[in-house]
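> What follows is a protein structure lacking sequence information:
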């Protein structure tokens, strides 16, 4: 059963490390707390943890913030947790929170950078794209701009912002000033934290996108053919094969990170999975249409929803997710490490 990755995101191996435990010891503690009749310490599935998968009938759990704190609290109550371990859990939770924010910003930049241009030795983004990256409204951004212009450090024309062909553009330095302004003035702490991180995360992503390679259609086709041969011309989800007995089956190469938004990965065979065309169409319909961007995270969610019995496939996809994030990091050497 799929779980909400906004709620359950703490990997058991990292929680064990933060607590100074090995995974087996953590499992024993969780099993004890789950079976406890004392509701003050009892751990509950779907509140404190979710089961991500099974290996030899052993559950791989992923914890919520509440679950991590509940375990740390129990160990502290029992006198088995050192101050260093407790601080480690707090630091782990803070890092996960930061990684989640950074992941949202990266995705917002990937999906809203079609206006990106390099002009007069500066990178520029349209106001429309900037609004979407900050996940705000045009009126709120205009208000922020006005407040900056009335401050002691206003934006400079042709340096921080410019009007080009009737459209307002902001440079990376303008983006930074908007980030600071919104992080100080927005009412919601969550929104302030998000906007504060934009000035750290967005610029290196945009600089990377400005120089990222765009493979030719022929290179993409070659990569897709390579992936089909690698996968033995078999749907990697259903196992169906196109042969003389199943001539109506049509196999396609699905880009786990879509080839439009993540064009720099479009000719990377590891980013392509061979699947049945009907399944491919069903996934994109489930995801909101072919016009919507998608990542391997979306495909994992789809498989967990549509094919929950495919435990081995789901585990394979999670491993591929790690590999692809590693490739993203190699493409984006200047970016903060992605763990979202």
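Now that the structure is in, tell me what you want to look at. Since the model is a prediction, treat every value here as computed from it, not as a measurement.
> mind listing the helices in the stretch 201-340 of the chain by residue range?
217-230, 277-286, 296-306, 311-331 (DSSP state H, counting those that start in this stretch).
> quick one, what contacts residue 191?
135, 182 (C-beta atoms under 8 Å, 6 or more residues apart in numbering). To be clear about C-beta, it is placed using only N, CA and C from the backbone, and glycine gets the same treatment.
> In three-state terms, label it for me.
helix (DSSP: H, G, I helix; E, B strand; the rest coil).
> tell me the pLDDT at it?
With respect to pLDDT, residue 191 scores 96.
> separation between it and residue 248?
Distance, residue 191 to residue 248, by C-beta to C-beta, to the nearest Å: 51 Å.
> Going along the chain, name the strands of this protein.
8-11, 49-55, 58-64, 117-119, 122-126, 161-164, 167-171, 251-255, 272-276 (DSSP state E).
> In TSV, list the ones you listed along with distance to residue 318 and mean neighbour count.
TSV is the format used below for the strands of the chain (distance: least, C-beta to C-beta, whole Å; neighbours: other C-beta atoms under 10 Å):
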stretch	distance to residue 318	mean neighbour count
strand 8-11	10	20
strand 49-55	7	16
strand 58-64	9	19
strand 117-119	37	12
strand 122-126	34	21
strand 161-164	43	16
strand 167-171	38	20
strand 251-255	17	22
strand 272-276	14	23
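> My read is that residue 323 contacts residue 270, right?
Yes: look at residue 323 against residue 270 with C-beta atoms under 8 Å: they come within range, at 6.2 Å.
> okay, those two: which has more neighbours?
residue 270 (15 against 12; other C-beta atoms under 10 Å).
> Give me the pLDDT for the more buried one.
Looking at residue 270, the pLDDT reads 94.
> ok, now the one 4 residues further on?
At residue 274, the pLDDT value in this model is 97.
> What is the least confident helix or strand in the protein?
helix 311-331 (a mean of 83; mean pLDDT, DSSP states H and E).
> which parts of it are buried?
313, 314, 317, 320, 321, 324, 325, 328 (16 or more other C-beta atoms under 10 Å).
> Any chance of a markdown table for the strands of the chain, columns distance to residue 76?
Below are these laid out as a markdown table (distance: least, C-beta to C-beta, whole Å):
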| stretch | distance to residue 76 |
| --- | --- |
| strand 8-11 | 18 |
| strand 49-55 | 19 |
| strand 58-64 | 17 |
| strand 117-119 | 53 |
| strand 122-126 | 47 |
| strand 161-164 | 51 |
| strand 167-171 | 48 |
| strand 251-255 | 47 |
| strand 272-276 | 45 |
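> So for residue 265, which of these sits nearest?
Shortest distance between residue 265 and the strands of the chain, using C-beta to C-beta, is found for strand 251-255: 7.4 Å.
> Packing partners of the closest one?
If contacts are counted by 3 or more C-beta pairs under 8 Å, 6 or more residues apart in numbering; DSSP states H and E, strand 251-255 sits against helix 217-230, strand 272-276, helix 277-286.
> residue ranges with poor pLDDT in the stretch 51-200 of the chain?
Along the stretch 51-200 of the chain, the parts satisfying pLDDT under 70 run over 81.
> where do the helices sit along it?
65-78, 83-111, 127-133, 138-149, 172-185, 189-211.
> For the first one, which helices and strands make contact with it?
Applying 3+ C-beta pairs under 8 Å, 6+ apart, one finds that helix 65-78 makes contact with strand 8-11, helix 12-19, helix 23-35, helix 83-111.
> returning to what we had before: show me the contact partners of the least confident helix or strand of the chain.
For helix 311-331, contacts defined as C-beta under 8 Å, 6+ apart pick out 52-55, 208, 212, 236-237, 256-257, 264-265, 268, 270-271, 296-297, 299-300, 303-304, 307, 335, 337-339.
> Would you list the buried entries among the residues you listed?
Neighbour-count burial (16+ other C-beta under 10 Å) applied to the contacts of helix 311-331 gives 52, 208, 236-237, 256-257, 264-265, 268, 271, 296-297, 299-300, 303-304, 335, 339.
> thinking again about what came up before, tabulate the buried residues of helix 311-331 in CSV, adding columns for distance to residue 183.
Output for those, formatted as CSV (distance: C-beta to C-beta, whole Å):
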residue, distance to residue 183
313, 41
314, 38
317, 36
320, 35
321, 30
324, 31
325, 27
328, 26
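> and which of those is nearest residue 220?
residue 324 (16.4 Å).
> Distance check, that closest one against residue 12.
For residue 324, the distance to residue 12 equals 22 Å [C-beta to C-beta].
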